[in-house]
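Novice: Here is my input; please provide its structure:
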Amino acid sequence: MPMNRIQFQSGLSLPAFLEQFGTETQCEAALERARWPEGFRCPHCGEASHYVLRQRGRKTFQCQTCRVQTSLIAGTLFQSTHLALTLWFLAIYLISQAKTGLSALALKRQLGVSYPTAWLIQHKLMQAMTEREAQYTLCGEVRVDDAYLGGERVGGKAGRGSENKVPFVAAVSLNAAGHPLYTKMIPVPGFTCNALTDWAKAALAPGSHVMSDGLACFTGVTAAGCYHQAMIIGRRKPNQVPEFAWLNTILGNLKTGFSGTYHAFNFAQYGARYLAAFAYRFNRRFHLDTLPARLLVAAAAIGPRPARWLRRAEESC
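Specialist: Model (predicted):
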């Protein structure tokens, strides 16, 4: 049986990662390159000439023109952190390389930090993945399906009306050979035409050819400039519908990953991040070796995301 080139790619080994980012100096240099690929530019006046200072152990740039000081971590996801950058970089490596994701509890043990700190690191990095994924749309041949996070609670309502179920749209774009290119997993308020129109405007490029299982709400994608084709599945099993084989496979991997990695989390509050993190890794599955560097660029670009902003609700388990 031939080896799957995605599963057996070399990726970035832990020794190789530590050789590149094992010291604070190496991590500072990498973050500086991620923030200013063409060299430092003062965020206040745009000038390049500067001095390099050290304030409370952090590398700080002082513009020679306007004298404004800019910390290396200011304006990034790492702003105000008291942790060493080596810990942040290790978290980036662990989370980006984990195919099925990494729970906050497992991250706590790997980093040697408290659970609340690990939870915050995890959600900040997943937020960086979420915002990066939001910049891209699917195009061409797209398969879509309705899906749910969560399940029936004891004593609660069963089926689609369960209080513990969060609806989301699962979509995958295919190449000419019918193989998957990219996926999107985005929660929606419900499966209505208006909700699917809003989803399509954010997730699909106009002109995309969308195939669904015939659920009436998916006709809403036409209002976003996409073509829609309904395939009535009826009582056929998923393995009897080859047109949706890859989408069903991806959803199966998602379900397996969530059930095997996370004990529990607030589906309604944090589901979008967990889904986006899964999509982020899947969409970059051919380039495991560059995943940490790409996630670093995303973390450097999105700006601060403080704990209060991230939580918005009671703490997840």
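Novice: So which residues of the stretch 101-250 of the chain form strands?
Specialist: Ranges of strands in the stretch 101-250 of the chain, per DSSP state E, counting those that start in this stretch, are 141-149, 166-174, 180-187, 209-212, 227-230.
Novice: strand partners of the least confident helix or strand in the chain by mean pLDDT, parallel vs antiparallel please.
Specialist: Taking mean pLDDT, DSSP states H and E as the measure, the helix or strand of the chain with the lowest value is strand 50-55, at a mean of 86. The pairing partners recorded for strand 50-55 under DSSP bridges are strand 58-63 (antiparallel).
Novice: Report the buried residues of the strand it pairs with.
Specialist: Buried residues in strand 58-63, defined by neighbour count with 16 or more other C-beta atoms under 10 Å: 58, 59, 60, 61, 63. Placement of C-beta: from N, CA and C, glycine included.
Novice: Show me what the mean pLDDT comes to for that strand.
Specialist: For strand 58-63, the mean per-residue pLDDT is 91.
Novice: Now the element after it, going C-ward?
Specialist: For strand 58-63, the following helix or strand on the C-terminal side (DSSP states H and E) is strand 69-71.
Novice: Tell me where the model's unsure across the protein.
Specialist: 1-5, 151-164, 234-235, 237-239, 313-317 (pLDDT under 70).
Novice: Could you check the angle the longest helix seen in it makes with strand 180-187?
Specialist: When the chain is parsed with DSSP state H, its longest helix is helix 115-133. Helix 115-133 and strand 180-187 are oriented at 120 degrees to each other (axes from the mean of the first three to the mean of the last three C-alpha atoms, to 10 degrees).
Novice: Not counting its own residues, what contacts helix 115-133?
Specialist: For helix 115-133, the external contacting residues (C-beta atoms under 8 Å, 6 or more residues apart in numbering) are 77, 83, 88, 91-92, 95, 102-105, 107-108, 111, 113, 184, 270, 272-274, 276-277, 279-280, 283, 295, 298-299, 302, 305, 307, 310, 315-316.
Novice: Tell me the buried residues within the residues you listed.
Specialist: Buried among the contacts of helix 115-133 (16+ other C-beta under 10 Å): 77, 88, 91-92, 95, 102-105, 107-108, 111, 113, 184, 270, 272-274, 276-277, 279-280, 283, 295, 298-299, 302, 305, 310, 316.
Novice: before we move on, the earlier item: which single one of the buried residues of strand 58-63 is nearest to residue 200?
Specialist: residue 61 (43.2 Å; C-beta to C-beta).
Novice: Now do the contacts for the closest one.
Specialist: 40, 42, 50, 51, 52, 53, 69, 70, 71, 72.
Novice: Only alpha carbons, please: show the longest helix of the chain as CSV.
Specialist: What follows is helix 115-133, C-alpha atoms only, in CSV (Å, rounded to 0.1, in the frame of the first residue of the first chain):
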residue,chain,number,x,y,z
TYR,A,115,-4.4,26.0,33.3
PRO,A,116,-5.8,29.5,33.0
THR,A,117,-2.6,30.6,31.3
ALA,A,118,-2.6,27.6,28.9
TRP,A,119,-6.3,28.3,28.1
LEU,A,120,-5.5,31.9,27.3
ILE,A,121,-2.5,31.0,25.1
GLN,A,122,-4.6,28.4,23.3
HIS,A,123,-7.5,30.8,22.6
LYS,A,124,-5.3,33.6,21.5
LEU,A,125,-3.6,31.4,18.9
MET,A,126,-6.9,29.9,17.8
GLN,A,127,-8.2,33.5,17.4
ALA,A,128,-5.3,34.2,15.1
MET,A,129,-6.2,31.2,13.0
THR,A,130,-9.8,32.3,12.9
GLU,A,131,-9.0,35.8,11.7
ARG,A,132,-6.6,34.5,9.1
GLU,A,133,-9.1,32.0,7.8
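Novice: before we move on, the earlier item: could you pick out which of the buried ones among the contacts of helix 115-133 are located in strands?
Specialist: Mapping the buried ones among the contacts of helix 115-133 onto strands (DSSP state E) picks out residue 184.
Novice: rewinding a little: filter the contacts of residue 61 to the buried ones?
Specialist: Buried among these by 16+ other C-beta under 10 Å: 40, 42, 50, 69, 70, 71, 72.
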